[in-house]
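Colleague: Everything below, folded, please.
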Amino acid sequence: MGALFWLLIPVVAALVAVLWSTWALRNRKTGDVAELAGYARFRAAMEKEHSASDPASDAA
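Modeller: Numbering: from 1, shown residues only. Here you go, the predicted model:
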């Protein structure tokens, strides 16, 4: 019976690996559109902050 228990450990580990790989390779609903929109918001925020602290306008 002990041999069957030791055989059960790698079988369970293989099943967990299969479940994890199918979860990791699933099709996600978010695509490049959401990432590009986030990047556009990031650029707009950086440009807004940069223009507010422009050292050329403070020198006058």
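Colleague: For the rest of this, base every contact and every neighbour count on C-alpha atoms.
Modeller: OK.
Colleague: can you tell me which helix in the chain is longest?
Modeller: helix 2-24 (DSSP state H).
Colleague: Mind checking what secondary structure Arg28 has?
Modeller: coil (DSSP: H, G, I helix; E, B strand; the rest coil).
Colleague: Counting neighbours, what do you get for it?
Modeller: The number of residues packed near Arg28 is 7, by other C-alpha atoms under 10 Å.
Colleague: Then the one 5 residues further on?
Modeller: By other C-alpha under 10 Å, the residues close to Val33 number 9.
Colleague: Mind pulling up the pLDDT for it?
Modeller: In this model, Val33 is scored at 75, pLDDT.
Colleague: does it sit in a helix or strand, and which one?
Modeller: Assessed by DSSP states H and E, Val33 sits inside helix 32-52.
Colleague: so what does that helix touch, helix or strand wise?
Modeller: Helix 32-52 sits against no helix or strand, with contacts defined as 3 or more C-alpha pairs under 8 Å, 6 or more residues apart in numbering; DSSP states H and E.
Colleague: Could I get the CA-only coordinates of it as CSV?
Modeller: Provided in CSV are the C-alpha atoms of helix 32-52 (Å, rounded to 0.1, in the frame of the first residue of the first chain):
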residue,chain,number,x,y,z
ASP,A,32,-3.9,45.5,-26.5
VAL,A,33,-6.6,48.1,-26.6
ALA,A,34,-6.8,48.3,-22.8
GLU,A,35,-3.0,48.4,-22.5
LEU,A,36,-2.7,51.1,-25.1
ALA,A,37,-5.4,53.2,-23.5
GLY,A,38,-3.5,52.9,-20.2
TYR,A,39,-0.3,53.9,-21.8
ALA,A,40,-2.0,56.9,-23.4
ARG,A,41,-3.3,58.0,-20.0
PHE,A,42,0.2,57.6,-18.6
ARG,A,43,1.7,59.8,-21.3
ALA,A,44,-0.9,62.4,-20.8
ALA,A,45,-0.3,62.5,-17.1
MET,A,46,3.5,62.7,-17.6
GLU,A,47,3.1,65.6,-20.1
LYS,A,48,0.7,67.4,-17.8
GLU,A,49,3.1,67.2,-14.9
HIS,A,50,6.1,68.1,-17.0
SER,A,51,4.4,71.2,-18.4
ALA,A,52,3.4,72.4,-14.9
